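[1] let me see the structure of the following:
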Amino acid sequence: MGLFFRLVSPLPLFSASMKQRWIRNCIHLGCLAFINIMRLFGLIKYTYKLSSMQKATPGHIVVANHPSLIDAVFLFAANKNMCCLVKGALWNNFFTGPVARLAGYIPNNTIEAVPMAVAKLHGGENLLIFPEGTRNSDNNNIHFKRGAANIAVAANADILPVKISCNPPALKKSDKWYNIPDEVVEFCLSSNEQIKLNECIDRTKPKTRQYRDLTQFLEQYYLQWTTR
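    Numbering: from 1, shown residues only. Below is the predicted model of the structure:
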């Protein structure tokens, strides 16, 4: 796929927006096919409880905890048109780089990441972020970085919280991709209503304080939610 889109990317016949819609739809269908094949072979079960995501207004940030390797796959399978922050290694990779660029994703290793994200949100796109930055299998020890809060405050964007549960724990940061439990792994993705910034932090405070307060709010929100 990477080679195919590397060849397609310079073609002038299609606009950038058309290419973006096309590649995002391909990613959605590919992720959906992947999880359904996994389910067909009895490796996983999954449940979506994302009604609030489907009803949410555009221009919000999808924030999710990150217990397994394939969390983003589940979210892309559930959403046909979503932007995200990607690791610099994927952005610069020969095969995945063209896909990420055509999809309009944002590399997380550039100083322009925040203004790029703000522009996407103001343009009505939804942005996926895992504030932990990496996989974490311990729901009692959630630690969020400030990136999601920085973008939310800068764009004055609503936050749509998504909880991902994985039982038994599998594909954790310390696991090899081929080390899976003997029993079927069950994933459940659920979303809550959109969170407006003025409902959880004081918007009159300095921006740096808003970043910290929002990060702390989200950490506590997820600690209470994921340990129920």
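
[2] which helices and strands sit right next to the lengthiest strand in the chain?
    Secondary structure assigned by DSSP state E gives strand 159-167 as the longest strand of the chain. For strand 159-167, the contact count by 3 or more Cβ pairs under 8 Å, 6 or more residues apart in numbering; DSSP states H and E identifies helix 51-55, strand 61-64, helix 71-78, strand 185-191, helix 207-226 as packing neighbours. C-beta here means a position set from N, CA and C on the backbone, and glycine is covered the same way.

[3] using CSV, write out every CA atom in stretch 190-201.
    The C-alpha coordinates for stretch 190-201 follow below in CSV (Å, rounded to 0.1, in the frame of the first residue of the first chain):
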residue,chain,number,x,y,z
SER,A,190,-16.9,3.1,24.8
SER,A,191,-17.2,6.9,24.5
ASN,A,192,-18.7,9.5,26.8
GLU,A,193,-20.3,12.9,25.9
GLN,A,194,-18.0,15.7,24.7
ILE,A,195,-16.2,17.7,27.4
LYS,A,196,-16.2,21.5,27.0
LEU,A,197,-13.1,23.2,28.3
ASN,A,198,-15.0,25.8,30.4
GLU,A,199,-16.6,22.9,32.2
CYS,A,200,-13.4,21.5,33.6
ILE,A,201,-10.8,24.3,33.7
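
[4] quick one: low-confidence ranges for this protein?
    Across the chain, the ranges flagged by pLDDT under 70 are 1-14, 137-140, 228.

[5] if we use 90, what do you get?
    1-23, 26, 53-57, 80-81, 87-102, 108-111, 133-143, 169-182, 224-228 (pLDDT under 90).

[6] which stretches of it form helices?
    With DSSP state H, the ranges of helices along the chain come out as 2-8, 16-40, 51-55, 71-78, 88-92, 96-102, 113-122, 147-155, 207-226.

[7] got TSV for these, with distance to Asn167 and mean neighbour count too?
    Listed next are these as TSV, based on distance: least, Cβ to Cβ, whole Å; neighbours: other Cβ atoms under 10 Å:
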stretch	distance to Asn167	mean neighbour count
helix 2-8	33	14
helix 16-40	15	15
helix 51-55	21	14
helix 71-78	14	22
helix 88-92	28	14
helix 96-102	30	20
helix 113-122	32	18
helix 147-155	25	23
helix 207-226	12	16
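
[8] for Phe130, which of the ones you listed is the nearest?
    Closest of these to Phe130 is helix 71-78, at 7.0 Å (criterion: Cβ to Cβ).
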